[in-house]
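Enquirer: Model the structure of this input:
(chains A and B)
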Number of protein chains: 2
Amino acid sequence: MQIAELIQKKKQGDQLARDEIMTLIAEYTQGSIPDHQMAALIMAIWFRGMSRDETLALTLAMVNSGETVSLDPVAGIKVDKHSTGGVGDKTTLVLGPLVAAAGLPVAKMSGRSLGHTGGTIDKLESIPGFCARLHREQFVRAVEEVGIAVSEQTRKLVPADGKLYALRDATATVDSLPLIAASIMSKKIASGADALMLDVKTGGGALVPEVEQSLELASMMVDIGCAAERPTFAAITDMSQPLGRCVGNALEVKEAIKTLKGKGSEDLRELCLFLGSHMLSLGGRTSDLAEGRRYLEGLLTDGGALAKFAEFIEHQGGNRHIVEDTSLMPTAGIVTEVPSPLGGYINQIGAREIGSIAKELSAGRDTEGSIVDPAAGVILNKKVGDRVSPGELLAELHSGKNVDGHTLHDLRNRTIEAFNIDEGRASPSRLIRAFVTREGIRHYGNDTPEH
Amino acid sequence: MQIAELIQKKKQGDQLARDEIMTLIAEYTQGSIPDHQMAALIMAIWFRGMSRDETLALTLAMVNSGETVSLDPVAGIKVDKHSTGGVGDKTTLVLGPLVAAAGLPVAKMSGRSLGHTGGTIDKLESIPGFCARLHREQFVRAVEEVGIAVSEQTRKLVPADGKLYALRDATATVDSLPLIAASIMSKKIASGADALMLDVKTGGGALVPEVEQSLELASMMVDIGCAAERPTFAAITDMSQPLGRCVGNALEVKEAIKTLKGKGSEDLRELCLFLGSHMLSLGGRTSDLAEGRRYLEGLLTDGGALAKFAEFIEHQGGNRHIVEDTSLMPTAGIVTEVPSPLGGYINQIGAREIGSIAKELSAGRDTEGSIVDPAAGVILNKKVGDRVSPGELLAELHSGKNVDGHTLHDLRNRTIEAFNIDEGRASPSRLIRAFVTREGIRHYGNDTPEH
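Expert: Model (predicted):
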């Protein structure tokens, strides 16, 4: 294959053919196309974009680059949920056991934190004993036996993605919508789900901050999913402030447990019920969204969801007693309080900045090799719309001995800066901004979305 | 240096700082920046372009990447001439000895043919015994002793260019004006010239076919030269049909000898007199262009230019007797005649296609490793504006045993296709299209340019 000709084509704004993309990805994965040619092509894609057909071909070519998981042994419609990543986004920890308790099989392959966003695998691994590295057979068996399994994605699944992501990271081309869409969708298709519920974050803490771009990304992914015969819906949800009140691995597990007990932050609970009721509908468990929602609310109240969570973590080697006694979770040695320097209303909390502060407290990682402190992170005592008095606590920074006093001092100041406090009260951004289906986009106004 | 940040900057359309470009090229040349990051940056440059300051910084950074030649031991103003490359462009073979005979020192570093265009070094090496590989000291001494030397550019001169060119070739980014300008100007500045006369080709056989782009490229290079204190002028000259009548190494040397004897193609002679009179002016040999031109015309008539050519090739080991007896030059074993299938006027001769046919006859090379047949090439019996009768000769294809009958048959048909023959007579494109100086662009209309 004359790759320089493909680069030239894309550079001039012409489309690549399906066969060209298939060969390109196959040859790149096996190493016969060098990184410098792929880097030039990817930069040309950044400028020219990709058509619907090209993005679909790229996704399928990436699926073909490695092994795929078959969930056929598991009865029922397997609905996967995927978030494009945010700060404090522990939705999977709640939603997984919740819909599993409702009878929907959950077979989830997940990633680790990188940059300012967290990763479900790091969160689960903060639970003493929990093992996220399951073989394909163990993974499928766990879904059959418990109804839910969460596993680290193996390198054998979509190897093209790992290689391409590293290249994009080194060449400032991560923020290309068709490449993001193909990366996510290839992993979802390869991991065997029948249908997909996407949670596309929008706002400062999201991978794609502008709502128009979030909508475009969601539409691309819904298109790809439907074209690949995996019915796909996407919710556009707020990431202008962190989700819930905790950011950091063990802290988020504790918050998830609180939510599974029917308490916790309203935004997290609402997001789980919204996505969960759509998943039940996608999975054919209920014909009616409102009915599904009521059913899920019941499972949060009657302990059904919490019991499924305990069963799930125990099956993967974790200590199930954390659900009754969260002091069994790792706890930070140093807690730095961040009081408010002034009074007023919280009008904004910079999600990306809070994510970045949490990362510097060692809750996340800068590079693949960074060591994560499971106990580290940030607790927000105030959310957007709350009133604060001077000296009242805005947040707490949780850290270990590896973070020195000078750094903590800086991070405390940065935390204060991340809060925008004013005299007038601004309404928090709407949690659910839009819902994208094959048929089109439904925007939500200021009323509660209809369920 | 965080190269991903520089890529991001350029991708977003921001300018790179002078220091950033300096470090970038230094680190790339020494291998501490990988090709894939440079490839992404180069593609971003293809889309975003480079400012005047950026292009100048890139040029100087490339000059700094290796050794430079000092021509200080040679008395007088050293004026170099450079063509952006074309088909049948043997100007240097005539112009070098011509202006050297007029007392202007000529110290020229030149390249080999690549793709559809020829290279001066390949042409000179078709002369039996000629050696184009001179050490720096030999080179300078030859200029002092003979007044003219032409040497292959060493790899020690502007090593960044060799590395970047190979990368651009592999990533379809050769056609970026600022990168072309920096590549040419860095080599010219590093090879020690005091002043520069650029011949920027325009039309189908040129590196940059559109006249607007040729003008832009010329302006960039004039800017760089003047900013680097090397007074630089550029002529925009026609490459819509091949220059002269011969394409191929030994064939072009023979045509150059004819021109040095005051005969030969009018276009080649005119271009040499035009560029030569400007070079004499740049080099301070005459204050008046018309006077310079008359002086050069005299040197073509009285044998002065031819004698200098003979002295030059003898000094570099070549057989000087070829000037009297061109049968001493390599001669092709097979000559394929290409008669015209119809009568009419020649309205176009596709220069790029003729160059490509010559290359396939082994006059040029596809890759650095290709073997060149010095005798191979194309002779045009007709030029644009000429009348042709059915069956009359359009061209001759010269080749060796390595080109088989089937290929020759195809190439003969392609040669016929390259000629556009019509009933009405179209005027040939004007030879000298524009002249670019620091002060601006002078366009030439349909009258003879003023000398």
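Enquirer: tell me, how many neighbours does the residue of the stretch 101-250 of chain A found nearest chain B end up with?
Expert: Here the stretch 101-250 of chain A gets closest to chain B at one residue, A:T171, 3.5 Å apart by C-beta to the nearest C-beta. For every residue, glycine as well, the C-beta is placed using N, CA and C. Other residues within reach of A:T171, judged by other C-beta atoms under 10 Å in any protein chain shown, total 30.
Enquirer: A:T173: what secondary structure?
Expert: What DSSP: H, G, I helix; E, B strand; the rest coil gives for A:T173 is coil.
Enquirer: And A:D122, by the same measure?
Expert: Three-state call for A:D122 (three-state DSSP): helix.
Enquirer: Settle this for me: it is touching A:N249, isn't it.
Expert: Yes - counting by C-beta atoms under 8 Å, A:N249 is a contact partner of A:D122 at 5.1 Å.
Enquirer: the more surrounded of those two?
Expert: A:N249 (32 against 24).
Enquirer: Once you drop chain neighbours, what's closest to the more buried one?
Expert: A:S126 (3.8 Å; C-beta to C-beta, 6 or more residues apart in numbering or on different chains).
Enquirer: And for that neighbour, the neighbour number?
Expert: 25.
Enquirer: Can you tell me how far the residue nearest to A:R387 when sequence neighbours are not counted is from A:R425?
Expert: Distances taken as C-beta to C-beta, 6+ apart put A:Y345 closest to A:R387, at 5.7 Å, once the chain neighbours are dropped. Distance, A:Y345 to A:R425, using C-beta to C-beta, to the nearest Å: 4 Å.
Enquirer: Now list whatever residues contact both of those two.
Expert: Taking C-beta atoms under 8 Å, 6 or more residues apart in numbering or on different chains as the contact rule, A:Y345 and A:R425 both touch A:385, A:387.
Enquirer: Which one's more surrounded, those two?
Expert: In terms of neighbours (other C-beta under 10 Å), A:Y345 is the more surrounded of A:Y345 and A:R425; the figures are 17 against 14.
Enquirer: The more buried one contacts A:D422, correct?
Expert: Yes - if you go by C-beta under 8 Å, A:Y345 and A:D422 touch, sitting 6.0 Å apart.
Enquirer: does A:S214 belong to a helix or a strand, and which?
Expert: Assigned by DSSP states H and E, A:S214 belongs to helix A:211-227.
Enquirer: residues in contact with that helix?
Expert: By C-beta under 8 Å, 6+ apart, helix A:211-227 touches A:52, A:55-56, A:59, A:84, A:177-178, A:180-182, A:184-185, A:188-189, A:196, A:198, A:200-203, A:206, A:208, A:231-234, A:236, A:433-434, A:436-438, A:441.
Enquirer: Now do the very next helix or strand once past that helix: which elements does it pack against?
Expert: Later in the chain than helix A:211-227, the nearest helix or strand by DSSP H and E is strand A:232-238. Packed against strand A:232-238, as judged by 3 or more C-beta pairs under 8 Å, 6 or more residues apart in numbering or on different chains; DSSP states H and E, are the following elements: strand A:195-202, helix A:211-227, helix A:266-282, strand A:432-437.
Enquirer: ok, back up a step: phi, psi of the residue nearest to A:N249?
Expert: A:S126 adopts backbone torsions of phi -80, psi -10, taken as degrees, to the nearest 10.
Enquirer: Show the model's pLDDT score for it.
Expert: On pLDDT, A:S126 comes in at 96.
Enquirer: what's the answer for the one 4 residues further on, then?
Expert: According to the per-residue confidence, A:F130 scores 97 in pLDDT.
Enquirer: all strands in the stretch 351-451 of chain A, in order from the N-terminus.
Expert: Along the stretch 351-451 of chain A, counting by DSSP state E, counting those that start in this stretch, strands occupy A:377-380, A:387-388, A:393-399, A:419-422, A:432-437, A:440-443.
Enquirer: Check which residues of the third one are buried.
Expert: By neighbour count with 16 or more other C-beta atoms under 10 Å in any protein chain shown, strand A:393-399 contains the buried residues A:394-399.
Enquirer: again with stretch A:29-39
Expert: A:29, A:33, A:35-39.
Enquirer: Also stretch A:158-173?
Expert: Quick answer for stretch A:158-173 (16+ other C-beta under 10 Å): A:158-165, A:167-168, A:170-173.
Enquirer: Out of the residues you listed, flag the one nearest to A:D14.
Expert: A:T173 (19.5 Å; C-beta to C-beta).
Enquirer: Might one say that that closest one is in contact with A:M43?
Expert: Yes - between A:T173 and A:M43 there is a contact under C-beta under 8 Å: 5.9 Å.
Enquirer: Which parts of chain A belong to which domain?
Expert: The record's domain parsing of chain A by automatic domain parsing lists A:3-49, A:79-325+A:434-443, A:331-422.
Enquirer: quick one on the thing from earlier: unless I'm mixing things up, the residue nearest to A:N249 is touching A:T331, no?
Expert: No - applying C-beta under 8 Å, one finds A:S126 not in contact with A:T331, separated by 10.8 Å.
Enquirer: what's the overlap in contacts for the two?
Expert: Taking C-beta under 8 Å, 6+ apart as the criterion, A:S126 and A:T331 both touch A:250, A:375.
Enquirer: Restricting to C-alpha, output stretch A:339-351 in PDB.
Expert: C-alpha atoms of stretch A:339-351 as PDB (Å, rounded to 0.1, in the frame of the first residue of the first chain):
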ATOM      1  CA  PRO A 339     -12.000  27.400  54.000                       C
ATOM      2  CA  SER A 340     -13.700  30.100  51.900                       C
ATOM      3  CA  PRO A 341     -12.000  33.500  52.000                       C
ATOM      4  CA  LEU A 342     -15.300  35.300  51.400                       C
ATOM      5  CA  GLY A 343     -19.000  34.800  51.600                       C
ATOM      6  CA  GLY A 344     -21.600  34.500  48.800                       C
ATOM      7  CA  TYR A 345     -22.900  31.900  46.400                       C
ATOM      8  CA  ILE A 346     -20.900  29.300  44.600                       C
ATOM      9  CA  ASN A 347     -21.400  30.100  40.900                       C
ATOM     10  CA  GLN A 348     -18.800  27.800  39.300                       C
ATOM     11  CA  ILE A 349     -16.400  25.000  40.400                       C
ATOM     12  CA  GLY A 350     -13.700  24.400  37.700                       C
ATOM     13  CA  ALA A 351     -14.100  20.700  37.100                       C
END
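Enquirer: roughly how far is that stretch from the heart of the chain?
Expert: Its chain's C-alpha centre and that of stretch A:339-351 lie 26 Å apart, by C-alpha atoms, centre = their mean, to the nearest Å.
Enquirer: Check stretch A:410-425 too.
Expert: Centre-to-centre, stretch A:410-425 and its host chain are 26 Å apart (C-alpha atoms, centre = their mean).
Enquirer: Then stretch A:363-377?
Expert: Per C-alpha atoms, centre = their mean, the centroid offset for stretch A:363-377 relative to its chain is 17 Å.
Enquirer: what about A:A181, neighbour count?
Expert: Residues near A:A181, counting by other C-beta under 10 Å, number 27.
Enquirer: for A:A75, same thing?
Expert: Neighbours of A:A75 (other C-beta under 10 Å): 10.
Enquirer: So it: helix, strand or coil?
Expert: A:A75 - assigned by three-state DSSP - is coil.
Enquirer: so A:S183 is in which element?
Expert: Counting by DSSP H and E, A:S183 is part of helix A:177-190.
Enquirer: Next: A:K81.
Expert: Going by DSSP H and E, A:K81 is part of strand A:79-83.
Enquirer: quick check: angle from that strand to helix A:211-227?
Expert: Relative orientation of strand A:79-83 versus helix A:211-227 (axes from the mean of the first three to the mean of the last three C-alpha atoms, to 10 degrees): 160 degrees.
Enquirer: Partner strands of strand A:79-83 and their direction?
Expert: strand A:195-202 (parallel) (DSSP bridges).
Enquirer: The strand it pairs with to helix A:177-190, inter-axis angle?
Expert: Calculated by the same axes, to 10 degrees, strand A:195-202 forms an angle of 150 degrees with helix A:177-190.
Enquirer: Tell me, please, where in chain A the pLDDT is lower than the cut-off.
Expert: Filtered on pLDDT under 70, chain A yields the residue ranges A:1, A:445-451.
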